[in-house]
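Student: starting from these lines, generate the structure:
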Amino acid sequence: MTIQAEAAPGTPSSAVGAPADVPQPTKVQTPPVSKPTETPARRIGRRWLIGAGVFLALTVAGIAWWATHRTPSVQYVTAPLSRGAITRMVTATGTVNPVLTIIVGSYVSGVIQELSCDYNTKVTKGQVCAKLDPRPYQSVVNQDQANLDVATAQLEKDKSVVRYAQINDDRNRKLAIRNYVSQDVADIAKSALEQAQAQVALDAASIDLRKAELGSATVNLGYTNIVSPVDGTVVSRNITVGQTVAATFQTPTLFLIASDLTKMQIDTNVSESDIGSVSEGDKAHFTVDAFPGRAFDGAVVQVRQSPQTVQNVVTYDVVVSIANADLALKPGMTASTQIVTDERADVLRVADQALRYAPQGAVAPKSGASRLWVLRDGVPVEVAVVIGLDDDSMTELVSGDAKPGDLAISAEIRAATAAALPAPKL
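Tutor: Got it, this is the predicted structure:
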């Protein structure tokens, strides 16, 4: 019977059954190393670090995409369509003048002896405003009157000669028929009669000449009285008492008399580019520096054809008639005038800038067509319109899919930098 010895614990199996006297190699068995045990707290901390890293990477990637793919915000500048009046006007400057200004001068020369009119004096037709020294002209009148008297006396003398020559001619004619005197004596008597009659005619012509000279001298004497030719107001006086007036080469201006200051006119200078739209009867509005808060009204009464050229700039004189019942306007004032050439009342209108606006990428309209962009539900919508009168700030809308209250877009504002848009919230 075989007996198998059981190995003791820790004894290698090869040693079992071996002879006891055979030495066996000794094995040193290393005890197993135990791993450290992971706690739940450390496991949770490691997961938080991984999650934070992933979140940070996603956030950086999102910010980079937003910065490169974001669309700039757009804000629109709008104004509502409204109904009202549109007026086209031509602007010009001019000078306020009386309708009729009379220049009173002197036909004769002399020394001012009297002065009875001054600035702002109201005068009537025929009123004496000044008087020249009449003595030189009075002496000429006296001389011409004496010459006329001499010529008249000479005529009476020659008429008596004619009567005697007539009697002598009749006597000699009868005697010649009876042959009491020669025919020569009769012819001499007839010749003497004819000469006497011619002398009477000469004296009559001389009297007419003397009368004309006397009339001329009398007229010159009358010109020593400077009178007003019209009813009006003296606006200028250029003489003083004792001043010598010389009218030899040029008539001096002594007074300027405005016929009626309650009726004035403005002589405006309208450029050649605007004159074609101005016509008689157009209404006009103007202001003067003396009354900046007051507007005056008038009407065009004349468009003069004569051009005025100053430094190659051509203008035309347009006369505007105005009422000045309160005498507020003075001659010579500068008036800023607006002449109404066309107007519309109670029409649908839009700002000119809105007709020039188009969003980016919009297709240009056909030649001659007009369009308008309105903001509806926050989105620009194109509207085709037909325009009418334009006053350089507002334009009439004759027809189209536009109505009062529509917000017409005139401009847009785009954010240029990232600061213009809110940054994403992390």
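Student: and the nearest residue to Gln195 once chain neighbours are set aside, what element?
Tutor: Counting by C-beta to C-beta, 6 or more residues apart in numbering, Ala165 is the residue found nearest to Gln195 once chain neighbours are left out, at 7.6 Å. Any C-beta I mention is one placed from the backbone N, CA and C, and that applies to glycine too. Per DSSP states H and E: Ala165 is located in helix 135-177.
Student: and for Asp346?
Tutor: Taking DSSP H and E as the definition, one finds Asp346 inside strand 334-351.
Student: for that strand, name the packing helices and strands.
Tutor: strand 82-98, strand 263-271, strand 283-288, strand 313-323, strand 379-390, strand 394-400, strand 407-414 (3 or more C-beta pairs under 8 Å, 6 or more residues apart in numbering; DSSP states H and E).
Student: of all the ones you listed, which lies closest to Asp118?
Tutor: Nearest of these to Asp118, taken as C-beta to C-beta: strand 82-98 at 17.8 Å.
Student: run the chain-centre distance for stretch 108-127.
Tutor: Taking C-alpha atoms, centre = their mean, to the nearest Å, one finds the center of stretch 108-127 at 39 Å from the center of the full chain.
Student: with just CA atoms, put the strand holding Asp346 into PDB.
Tutor: Output of strand 334-351 as PDB, limited to C-alpha atoms (Å, rounded to 0.1, in the frame of the first residue of the first chain):
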ATOM      1  CA  THR A 334     -32.700 144.200 -49.000                       C
ATOM      2  CA  ALA A 335     -35.400 141.600 -49.400                       C
ATOM      3  CA  SER A 336     -34.900 137.800 -49.400                       C
ATOM      4  CA  THR A 337     -37.600 136.800 -51.800                       C
ATOM      5  CA  GLN A 338     -39.200 133.400 -52.500                       C
ATOM      6  CA  ILE A 339     -41.300 133.300 -55.700                       C
ATOM      7  CA  VAL A 340     -43.900 130.500 -55.700                       C
ATOM      8  CA  THR A 341     -43.700 128.900 -59.200                       C
ATOM      9  CA  ASP A 342     -46.000 125.800 -58.400                       C
ATOM     10  CA  GLU A 343     -47.800 124.400 -55.400                       C
ATOM     11  CA  ARG A 344     -50.000 121.400 -54.400                       C
ATOM     12  CA  ALA A 345     -52.300 121.300 -51.400                       C
ATOM     13  CA  ASP A 346     -53.200 118.200 -49.300                       C
ATOM     14  CA  VAL A 347     -51.100 115.600 -51.200                       C
ATOM     15  CA  LEU A 348     -49.300 112.500 -50.000                       C
ATOM     16  CA  ARG A 349     -45.600 113.400 -49.700                       C
ATOM     17  CA  VAL A 350     -42.300 111.800 -48.800                       C
ATOM     18  CA  ALA A 351     -38.900 113.100 -48.000                       C
END
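Student: tell me the buried residues in the helix or strand following it?
Tutor: Toward the C-terminal end, the helix or strand that comes next after strand 334-351 (DSSP H and E) is helix 352-356. Buried residues in helix 352-356, counted by 16 or more other C-beta atoms under 10 Å: 354-355.
Student: got the CA positions of helix 352-356 in PDB?
Tutor: C-alpha atoms of helix 352-356 as PDB (Å, rounded to 0.1, in the frame of the first residue of the first chain):
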ATOM      1  CA  ASP A 352     -36.600 113.300 -51.000                       C
ATOM      2  CA  GLN A 353     -33.900 111.300 -49.200                       C
ATOM      3  CA  ALA A 354     -36.200 108.300 -48.900                       C
ATOM      4  CA  LEU A 355     -36.500 108.100 -52.700                       C
ATOM      5  CA  ARG A 356     -32.800 107.800 -53.000                       C
END
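Student: touching it from outside, list them.
Tutor: Applying C-beta atoms under 8 Å, 6 or more residues apart in numbering, the contact partners of helix 352-356 are 79, 370-373, 387, 390, 392-395, 408-411.
Student: now do the contacts for the residue nearest to Gln195.
Tutor: Contacts of Ala165 by C-beta under 8 Å, 6+ apart are 189, 192-193, 195-197.
Student: so which of those residues are in strands?
Tutor: With strands taken from DSSP state E, there is no overlap with those.
Student: okay if I get these as JSON lines plus distance to Asn269, neighbour count and pLDDT?
Tutor: Listed next are those as JSON lines, based on distance: C-beta to C-beta, whole Å; neighbours: other C-beta atoms under 10 Å; pLDDT from 0 to 100:
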{"residue": "Ala189", "distance to Asn269": "83", "neighbour count": "21", "pLDDT": "90"}
{"residue": "Ala192", "distance to Asn269": "79", "neighbour count": "18", "pLDDT": "92"}
{"residue": "Leu193", "distance to Asn269": "77", "neighbour count": "21", "pLDDT": "91"}
{"residue": "Gln195", "distance to Asn269": "73", "neighbour count": "14", "pLDDT": "93"}
{"residue": "Ala196", "distance to Asn269": "74", "neighbour count": "20", "pLDDT": "92"}
{"residue": "Gln197", "distance to Asn269": "71", "neighbour count": "16", "pLDDT": "93"}
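Student: pick the one among the residues you listed closest to Leu100.
Tutor: Leu100 lies nearest to Gln197 out of the contacts of Ala165, by C-beta to C-beta, at 55.7 Å.
Student: quick one, helices of the stretch 101-250 of the chain?
Tutor: For the stretch 101-250 of the chain, the helices defined by DSSP state H, counting those that start in this stretch occupy 135-177, 183-222.
Student: Throw those into TSV and include distance to Arg237, thanks.
Tutor: Below are the helices of the stretch 101-250 of the chain laid out as TSV (distance: least, C-beta to C-beta, whole Å):
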stretch	distance to Arg237
helix 135-177	23
helix 183-222	21
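Student: those: which one's closest to Ile86?
Tutor: Nearest to Ile86 among these is helix 183-222 (61.4 Å), distances taken as C-beta to C-beta.
Student: counting contacts, what elements does the closest one pack onto?
Tutor: Judged by 3+ C-beta pairs under 8 Å, 6+ apart, helix 183-222 is in contact with helix 135-177.
Student: sorry, back to before: kindly reformat the helices and strands packed on strand 334-351 as a markdown table containing mean pLDDT.
Tutor: Below are these laid out as a markdown table (pLDDT from 0 to 100):
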| stretch | mean pLDDT |
| --- | --- |
| strand 82-98 | 92 |
| strand 263-271 | 94 |
| strand 283-288 | 95 |
| strand 313-323 | 95 |
| strand 379-390 | 89 |
| strand 394-400 | 89 |
| strand 407-414 | 86 |
